[in-house]
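> need coordinates for the below:
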Amino acid sequence: MLPRTLPALALAVLLPAHAAGSAEPPLPQLKAYTVHESWRQPIAPVRIADNTWHIGTANLGAILVKTADGAVLIDGGMPQAADMLLRHMADLGVSPGDLELIFLSQAHADHVGPLAELRRRTGARVAANAESAVLLARGGSDDIHFGDAIVFPPVQVDRLLMDREVVELGGMRFTVHFMPGHTPGSMAWTWTDSDDGNSVRIAYADSLSAPGYQLIDNPRYPRIVEDYRRSFDVVRALPCDVLLTPHPGSSGRDYADPAASKQMGCAGYADQAERDFEAQLQAEREAVR
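Just a heads-up that it's a prediction; the model follows:
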C-alpha cells in the first residue's frame, strides 16, 4: 500500500506517463465523515442510576448497564470510539469479556460506528431489528436519506428482535420499542434500575428529528410521515422516569456539565419533536406549491 502522500519525484516514477498530461481533471479526494468536536470529546463516565452509566463522549450517548451476569452496551458513538469505550468500561470494573450484549438506537455512523470492533474485541452479541440489521450489514451504505455519505465498518447482527420483545440478562429486563422515522429501524429501549434503593424506569429513545429529509412523496420511504406520527405516540407512552437520548442535548441533558442540564421527560421530548416535525412538514408543503 502506498503512503498517504508522496513527493513529486516519487509520483513521477510511479505514475504512468499519460497521467501527467491528461486533459481530464483528477477524480475527487474522498472526504471523511466529520462531526462537531463535542461528539468526539471524551468525558469521564457519568452515573445515571445504580447500574446505568453514560460512557460515551460529551454529546453522543453510549450507555453501559451492569448486571449480575455481565454488561449491556447501548450505542457506541463514532467509529473511532472503541478504545475509549473499553477504557471507560474498565474504569467501571467491566472487562471486555464481561460485555455480553450490544443494543442500538439507530444504524447511523455516529451511533454504531465502533460496534463491529467492539463485537470482535469483546465477543458480545449484537441484537437489533431487521430494518437496522440490513443497514448494519451494509455499513450504512445506500442510506435512504444520505446515500453513502456516512458509512462505517459493517456489523453482523446475532439476534433479530420483534417490537416489544424483552431481552433478559442478570435479572435486568430490556424491552425494545420500534419507533421508525429518523431511520426505518429506529428503536427505544426501556429497563428498570435502582437509584439509591428506589426503583427508576429508564428510557433510551432514539432521535425524533428529520434533518434535511424529504417528507412529501419520498420514493424510498413513502410512509415516512405516518411513521413519525406513530412514533411520537410510542415515545410518549414509554415507562419513563429518566429519559436518555443518543444526542443528549435533544432531551436537555449535558453530560459534560450535569449542573447545566434541563432534563425533559418522554412526553415533553415527543411533544417538542412533533412541533418541530409539523413545522418542517408545513415548510416543505409551501416550498413545493
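
> give me the mean pLDDT for stretch 197-211.
Per-residue pLDDT values across stretch 197-211 average out to 97.

> list the buried ones in it?
Residues Val200, Ile202, Ala203, Tyr204, Ala205, Asp206, Ser207, Leu208, Ser209, Ala210 are the ones in stretch 197-211 that count as buried (16 or more other C-beta atoms under 10 Å). C-beta here means a position set from N, CA and C on the backbone, and glycine is covered the same way.

> which ones among those are found in strands?
Residues of the buried residues of stretch 197-211 located in strands (DSSP state E): Val200, Ile202, Ala203, Tyr204, Ala205.

> quick one: the residues you listed as CSV, columns for distance to Gly268 too.
Formatted as CSV, these follow (distance: C-beta to C-beta, whole Å):
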residue, distance to Gly268
Val200, 18
Ile202, 16
Ala203, 12
Tyr204, 16
Ala205, 12
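
> helices or strands next to the lengthiest helix in the chain in the packing?
Ranked by residue count, the top helix of the chain under DSSP state H comes out as helix 266-288. For helix 266-288, the contact count by 3 or more C-beta pairs under 8 Å, 6 or more residues apart in numbering; DSSP states H and E identifies strand 198-205, helix 224-236 as packing neighbours.

> now for the ones in strands among the buried residues of stretch 197-211: which two are most distant?
Greatest spacing in those, by C-beta to C-beta: Val200 and Ala205 (15.6 Å).

> so which residues of this protein form helices?
So, for the chain - with DSSP H - the helices run 8-14, 17-20, 82-91, 109-112, 115-122, 130-137, 224-236, 266-288.

> Asp75: which of those helices is closest?
Of those, the one closest to Asp75 (C-beta to C-beta) turns out to be helix 109-112, at 4.8 Å.

> Provide the contact partners of that closest one at residue level.
For helix 109-112, the external contacting residues (C-beta atoms under 8 Å, 6 or more residues apart in numbering) are 33, 35, 39, 60-61, 75-79, 104-106, 136, 140, 150-152, 155, 246.

> try 7 Å this time
The set of residues external to helix 109-112 that reach it, using C-beta atoms under 7 Å, 6 or more residues apart in numbering, is 33, 35, 39, 60, 75-79, 104-105, 136, 140, 150-152, 155, 246.

> could you dump that helix to PDB, C-alpha only?
The C-alpha trace of helix 109-112 is given here as PDB (Å, rounded to 0.1, in the frame of the first residue of the first chain):
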ATOM      1  CA  ALA A 109     -22.300   6.000  11.900                       C
ATOM      2  CA  ASP A 110     -22.400   8.500  14.800                       C
ATOM      3  CA  HIS A 111     -24.100   5.900  17.000                       C
ATOM      4  CA  VAL A 112     -23.000   2.400  15.700                       C
END
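
> quick one: end-to-end distance for stretch 60-79.
12 Å (C-alpha to C-alpha, to the nearest Å).

> Leu60 - how many residues pack around it?
Counted with other C-beta atoms under 10 Å, residues neighbouring Leu60 total 25.

> now the nearest residue to it once chain neighbours are set aside: how far from Pro246?
Among residues not flanking Leu60 along the chain, Gly77 sits closest, at 4.1 Å (C-beta to C-beta, 6 or more residues apart in numbering). From Gly77 across to Pro246, the span is 9 Å (C-beta to C-beta, to the nearest Å).

> touching both of these two, which residues are there?
In contact with both Gly77 and Pro246: Leu60, His111, using C-beta under 7 Å, 6+ apart.

> where in the protein is pLDDT low?
Along the chain, the parts satisfying pLDDT under 70 run over 1-22, 27, 29-30.

> hang on, the earlier thing: next up, the contacts around the residue nearest to Leu60.
Gly56, Thr57, Leu60, Ala62, Asp110, His111, Gly113, Pro114.
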